[in-house]
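J.: what would the 3D arrangement of this be:
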Amino acid sequence: MRATLCCVIAILAFVVMSPAAGAQQGHPLVGVWLGDWGPSASDRHQVVLELTYMNTTLSGTVNPGEADETPLKVAQLNSSNWTVHFEGDSKDASGKPVKVVIDGQIENLGAAKRSLTGTWTRGTTKGPFKLTRE
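T.: The predicted model follows:
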């Protein structure tokens, strides 16, 4: 009887704790983010942003594995208002350096598929962006 009671308690504890374990996401920016940016609704550019967090350092790459891959030189999160600031150096079609600056805000912070929205600047071209974490 005592063994049955212990088994029931263990199963109940597992059932109650399982959703809490699944809800843990780690750092709010870590992962792969997919979306687009552009100066107008008809001029959009698909992007992939891959972010990592090691010890106390946030880092990442825009379009990893692509010809226009851009490692982030600056990756900052302001956790008081959940805004981000990223900077990197890319190249244009002729191979000239182009600075990329991304300023945004995390939306739906508690959701697994949270999003980042804000302003994306590549060289002199500026426009809104929206990325969703996959």
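
J.: distance of the residue lying closest to residue 107 once chain neighbours are set aside from residue 133?
T.: Nearest non-adjacent residue to residue 107, counting by CB to CB, 6 or more residues apart in numbering: residue 115, 4.7 Å away. Using the backbone N, CA and C atoms, a C-beta is placed for each residue, glycine as well. Distance, residue 115 to residue 133, using CB to CB, to the nearest Å: 7 Å.

J.: so for those two, which residue has more residues nearby?
T.: Using other CB atoms under 10 Å, the more surrounded residue of residue 115 and residue 133 is residue 133, with 22 against 17.

J.: quick check: that one vs residue 27, distance?
T.: 11 Å.

J.: name the element the most centrally placed residue in the chain belongs to?
T.: In the chain, the residue lying closest to the centroid (CA atoms, centre = their mean) is residue 29, at 4.1 Å. Taking DSSP states H and E as the definition, one finds residue 29 inside no helix or strand.

J.: go ahead and confirm the residue nearest to residue 107 touches residue 108.
T.: Yes - if you go by CB atoms under 8 Å, residue 115 and residue 108 touch, sitting 6.0 Å apart.

J.: tell me where the model's unsure across this structure.
T.: In the predicted model of the chain, residues 1-25 satisfy pLDDT under 70.

J.: what ranges does it have for its strands?
T.: 31-37, 45-54, 57-62, 70-78, 83-91, 97-107, 115-122, 125-133 (DSSP state E).

J.: many thanks, we can stop here.
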